[in-house]
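Trainee: can't give you the sequence, but here's the structure:
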């Protein structure tokens with residue numbers, strides 16, 4: 001997921017959605033915005049990790065509220081042996097991918113536009129869209145099967161935006 005922008009109803013809907021699925025790890029590609037929203041992820045059954053986005057000004061508070069799960073602008077993880085790069089802005093991935101060519105999946109946000117693309121270099125690029133639904137009117141997340149590299153974009157129904 002990405003771009004929750006403090007919309008608590010959407011955060012709660014995402015937590016409920018992920019808790020109802022066999023999910024091992026939840027990723028957030030930035031723009032949490034405030035620490036109070038991040039505390040809602042404590043209800044997740046799965047572990048989670050996140051990165052900072054361009055609207056995350058209170059970084060120290062976010063790091064503390066996330067219990068260290070948010071610490072930087074990018075993160076490389078290896079769930080099930082699959083190397084995944086988590087960044088907020090797609091354009092920030094380039095230098096990291098040059099340093100680590102073994103990354104197979106890039107998860108990013110920022111544009112608020114959900115999409116999945118397999119590029120010529122064999123990497124899968126996943127933008128789960130915006131959790132908040134403020135710009136597109138659609139609150140969405142993505143599910144990634146790390147074995148088959150199948151991605152499902154899912155629309156959530158958190159109720160009206162305020």
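Mentor: Alright, I've got the coordinates. On a predicted model such as this, the values are computed, not experimentally measured, just so you know.

Trainee: now do the same end-to-end measure for stretch 95-103.
Mentor: 12 Å (CA to CA, to the nearest Å).

Trainee: distance check, residue 145 against residue 131.
Mentor: 20 Å (CB to CB, to the nearest Å). For glycine as for every other residue, the C-beta is placed from the backbone atoms N, C-alpha and C.

Trainee: residue 78 contacts residue 84, correct?
Mentor: Yes: counting by CB atoms under 8 Å, residue 78 touches residue 84, with 7.3 Å between them.

Trainee: residue 145 and residue 131: which is more packed in?
Mentor: Neighbour count, other CB atoms under 10 Å: between residue 145 and residue 131, residue 131 has more, with 28 against 10.

Trainee: please name the nearest non-neighbouring residue to that one.
Mentor: residue 4 (4.2 Å; CB to CB, 6 or more residues apart in numbering).

Trainee: quick one: contacts for that neighbour?
Mentor: Applying CB atoms under 8 Å, 6 or more residues apart in numbering to residue 4 gives the contacts 10-11, 14, 28, 31-33, 37, 131-132.

Trainee: okay if I get these as CSV plus secondary structure and pLDDT?
Mentor: Formatted as CSV, these follow (DSSP: H, G, I helix; E, B strand; the rest coil; pLDDT from 0 to 100):
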residue, secondary structure, pLDDT
10, helix, 97
11, helix, 98
14, helix, 98
28, strand, 98
31, coil, 98
32, coil, 98
33, coil, 97
37, helix, 96
131, coil, 98
132, coil, 97
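
Trainee: which one of those residues sits closest to residue 59?
Mentor: Residue 59 has its nearest neighbour among those in residue 32, at 10.2 Å by CB to CB.

Trainee: let's verify the nearest residue to that closest one once chain neighbours are set aside: helix, strand, or coil?
Mentor: Excluding the flanking residues, the one nearest residue 32 by CB to CB, 6+ apart is residue 38, at 5.2 Å. Secondary structure, DSSP: H, G, I helix; E, B strand; the rest coil: residue 38 is helix.
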